[in-house]
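**Student:** Quick one, fold the following:
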Amino acid sequence: TYNWEKHIMMKDYLLSPQGFTHVLMLDADAALVQPQLNTLHRIAEILDTKNKDLFLTNEDWLDENGARRINGGLMFAKNTKFTQDLFQDTFDAHWAGYKFLSKPRIGTKSLRCTSNEQICLNDLYYGGDEHFTSKVIMASGKQYNRGAERGGEAHIDDETTEIMHWMGGAKATAGKALCHGIRDLTFDGPQGYGCKKM
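**Tutor:** Numbers count the residues shown, from 1 in each chain. All right, here's what the predicted structure looks like:
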């Protein structure tokens, strides 16, 4: 259940007395691959333009079914009452196990998160509850959270892919792609700190 630590982290940063305006949760096996673009600033602008609070991505790079599946490897939240409440609610619902969380802070009728955190968000989004969907953007994983498996790494050189995610079996290929791939994404070369073999 360590994936639920993501929701605790989001809650902690959103409720921090430091007053962060936005909080990003990006899996350690993901990377921003278009350094010439200010991807995170662009995501913040999308949230503002669309008057939304949370930016999530799907897995549309897999197949048509992937377009209806959230990937929890990237969550970008504007610091609002909704996002503060949401991440408290999802973790509380997970902690409650098979019992429904009654009176969730976000206003849904009830909430239950018995499986992983992605399925919990997926159920909220595709369950059609307006308390959730009215505050959330579901963006294309092809652009903002593309899986590196199945030849996905070829998209590093394509500006329409801004974040690459080496999930699952693709993890072993991340070093080669980042250090010896199409472009030097470390800006240090293959002998730099992040790439040099000791």
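
**Student:** how about stretch 32-52: buried residues?
**Tutor:** Residues of stretch 32-52 classed as buried: 33-34, 39-40, 43-44, 47, 52 (neighbour count, 16 or more other Cβ atoms under 10 Å). Yep, even glycine has a C-beta here, placed from its N, CA and C like the rest.

**Student:** Any stretches of this protein with poor pLDDT?
**Tutor:** For the chain, the stretches flagged by pLDDT under 70 are 1, 198.

**Student:** Find the nearest non-adjacent residue to W166, please.
**Tutor:** Nearest non-adjacent residue to W166, counting by Cβ to Cβ, 6 or more residues apart in numbering: A174, 4.0 Å away.

**Student:** For the one you found, pull up the helix or strand it's in.
**Tutor:** Remark: A174 resides in helix 174-180, with elements defined by DSSP states H and E.

**Student:** For the protein, which segments count as helices?
**Tutor:** Here the chain has its helices, by DSSP state H, at 5-14, 39-50, 81-95, 117-126, 130-133, 141-144, 174-180.

**Student:** in the last one, what counts as buried?
**Tutor:** In other words, helix 174-180. Of the residues in helix 174-180, 174, 177-179 count as buried by neighbour count, 16+ other Cβ under 10 Å.

**Student:** ok, what's across the strand from G147?
**Tutor:** Beta bridges link G147 to H165 when assigned by DSSP bridges.

**Student:** Isn't it up against A170?
**Tutor:** Yes. Applying Cβ atoms under 8 Å, one finds G147 in contact with A170, separated by 6.7 Å.

**Student:** Between those two, which is the more surrounded one?
**Tutor:** Neighbour totals were compared for G147 and A170, and G147 leads with 23 against 18 (other Cβ atoms under 10 Å).

**Student:** need the contact list for the spatially closest residue to L74 that is not a sequence neighbour.
**Tutor:** Sequence neighbours aside, N145 is the residue nearest to L74 in space, at 4.6 Å (criterion: Cβ to Cβ, 6+ apart). Residues near N145 by Cβ atoms under 8 Å, 6 or more residues apart in numbering: 30, 57, 59, 71, 73-74, 163, 165.

**Student:** Next step: the residues you listed restricted to strands.
**Tutor:** Secondary structure from DSSP state E places 30, 57, 71, 73-74, 163, 165 of the contacts of N145 in strands.
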